[in-house]
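1. I need the structure of the sequence given here:
(one chain, ligands or ions: 1)
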Amino acid sequence: MSLQLLRGREYKPPLRPVQNGQTSPSDISSSQDAGPREDGPKEFGKVTSIAVAKAKRALRFPANHQTKAFYRRFFPDASSVEWNDWRWQLRSRIHTLEELTRIFLLSDGERAAVSRHQGALPVGITPYYASLMAPADPADPLRRTVVMTGAEYLLAPGEAEDPLGEDHDTVVPGLVHRYPDRVLFLATGTCSTYCRYCTRSRLVGNPGGEYQFSVGQWEKALAYIEAHTEVRDVLLSGGDPLTIGDDKLDWLLGRIRAIKHVEFVRIGTKAPIVLPQRITKDLCRMLKKHHPLWISLHVTHPAELTDEVTESTARLADAGIPLGSQTVLLKGINDTIKTMKPLMQGLLMRRVKPYYLYQCDPIRGSAHFRTDVETGLKIIAGLRGHTTGYAVPAFVIDAPGGGGKIQLAPDPVAGRDGDDLLLRNFEGQIYRYPDPAGRLGRGAPV
Ligand code: SF4
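-> From the prediction side, this is the model:
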């Protein structure tokens, strides 16, 4: 399999080859297809009905009403099977100013920012994800996360290209070893959709330069893990590892799993949210071979919780993969309890445990996305006790300079009265707990 698979833009799957009376799945469509457009009858030539049915089933995917309308309007020439093919979605990503203009009514700020962009973190939006946004509203929350504005070019105090110091902890290219028993394996620099607040904005989507990933680089990372027996946990990230084709990913997971001291493997991905069609039954069958395997989903807003995402998460959960979520707190996008609560509850309903809520990292040009830290604490206070405990994520700051994740939570200790510790509950009321030997609440360091 070609390394071109690592760069979805250049990957050209054979969508419509017809040879010797055979047909590819993309030629198949029927009224049973749950995709956005119900194509009319087609001539299948000599293809057997069994092969047709099998191919149709493989690419069947639900579609929400808004997405169907978008699809008909902006991609009328694509068949429903193409729309449901993740490789078509990757290949058809919205990248250029011209493509953006065809779909969105751009503000002057957006237009100018896109025009002057160079280097890493390009614009890249799957047609599916674009379908969830308001074409005429630059303030649309999802649109703000993927269409650049002039604010990206402003440098605020404390911002840096690599605020988490990952480059410092990079032991071989693409492998970060910071915590004692865990490594971060950057398997690719490609994402299906690029987030404007990305922690790795310096390297993802880079058309050239030091962060090109290759099998040769993977081998060096694998050799490092093999040589370091203290590594028991590997987080596969990037970029988005699910932009890698099944065969290559299978190979990589197999190699990691073959290392005896590696117990725990995780994949960090946004694909089930921005490219849900990527979660094919074949992919799930392949992932199942590598258990125990966990997946962390990058989720931002309740508008992402569509029928398609219900399907992608169900397929992963049904494959026995425990799912957790990671959400970056973003100003004006998801920084209220009114937005965050349905997001967390919606995830739980899709068998995804809300895991981390991140304070936005101070990457260059991200001040317009960052809230103050207190906002995150207020959100946690607004969830804790007010909804299912499983729906409450841990609020963390990834400490600039490589200090690792530091969890913050509203302080429930209200003080002490003699032998009693005074505790504040979720409604702000004070309760006593007998704690005669305790030092907590006495004003002295614990
Ligand atoms: S999907 Fe993840 S790695 Fe890719 S741009 Fe978004 S935050 Fe960055």
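2. Do I have it right that residue 83 meets residue 77?
-> No. Between residue 83 and residue 77 there is no contact, the gap being 10.7 Å when judged by C-beta atoms under 8 Å. For every residue, glycine as well, the C-beta is placed using N, CA and C.
3. How about the residues of this structure by the ligand?
-> Within the chain, the residues that sit near the ligand (C-beta under 6 Å from any ligand atom) are 191, 194-195, 198, 200, 204, 238-240, 270, 298.
4. Go again with 5 Å.
-> Counting by C-beta under 5 Å from any ligand atom, the chain comes close to the ligand at 191, 194-195, 198, 270.
5. Narrow those residues to just the buried residues.
-> 191, 194-195, 198, 270 (16 or more other C-beta atoms under 10 Å).
6. Next SSE downstream of the lowest-mean-pLDDT helix or strand in the chain?
-> Ranking every helix and strand in the chain by mean pLDDT, DSSP states H and E puts helix 49-58 at the bottom, with a mean of 68. Remark: after helix 49-58, the chain's next helix or strand is helix 65-74, criterion DSSP states H and E.
7. gap between the residue nearest to residue 175 when sequence neighbours are not counted and residue 298?
-> Once flanking residues are discounted, residue 175 sits nearest to residue 221: 4.1 Å by C-beta to C-beta, 6 or more residues apart in numbering. Plainly put, residue 221 is 22 Å away from residue 298 if you go by C-beta to C-beta, to the nearest Å.
8. quick one, helices of the stretch 1-150 of the chain?
-> In the stretch 1-150 of the chain, the helices defined using DSSP state H, counting those that start in this stretch lie at 49-58, 65-74, 80-83, 86-91, 97-103, 108-116, 127-130, 141-146.
9. returning to that earlier point: the one helix or strand the residue nearest to residue 175 maps to packs against which elements?
-> In this structure, residue 221 sits in helix 215-227 according to DSSP H and E. Here helix 215-227 touches strand 170-172, strand 175-176, strand 182-186, helix 246-257, going by 3 or more C-beta pairs under 8 Å, 6 or more residues apart in numbering; DSSP states H and E.
10. Of all these, which one comes closest to residue 109?
-> In terms of C-beta to C-beta, the element of these nearest to residue 109 is strand 182-186, at 31.6 Å.
11. Give the pairing partners of the closest one; include direction for each.
-> Here strand 182-186 has these sheet partners by DSSP bridges: strand 175-176 (antiparallel), strand 233-237 (parallel).
12. quick one, the longest one and helix 246-257 angle?
-> In other words, strand 233-237. Inter-element angle recorded for strand 233-237 and helix 246-257: 160 degrees (by axes from the mean of the first three to the mean of the last three C-alpha atoms, to 10 degrees).
13. which one of the helices of the stretch 1-150 of the chain has the lowest average pLDDT?
-> Lowest mean pLDDT within the helices of the stretch 1-150 of the chain: helix 49-58, at a mean of 68.
14. Figure out the length between the terminal residues of stretch 221-240.
-> End-to-end distance for stretch 221-240, by C-alpha to C-alpha, to the nearest Å: 17 Å.
15. Run the chain-centre distance for it.
-> Per C-alpha atoms, centre = their mean, to the nearest Å, the displacement of stretch 221-240 from the mean C-alpha position of its chain is 20 Å.
16. That concludes my questions; thank you for your assistance.
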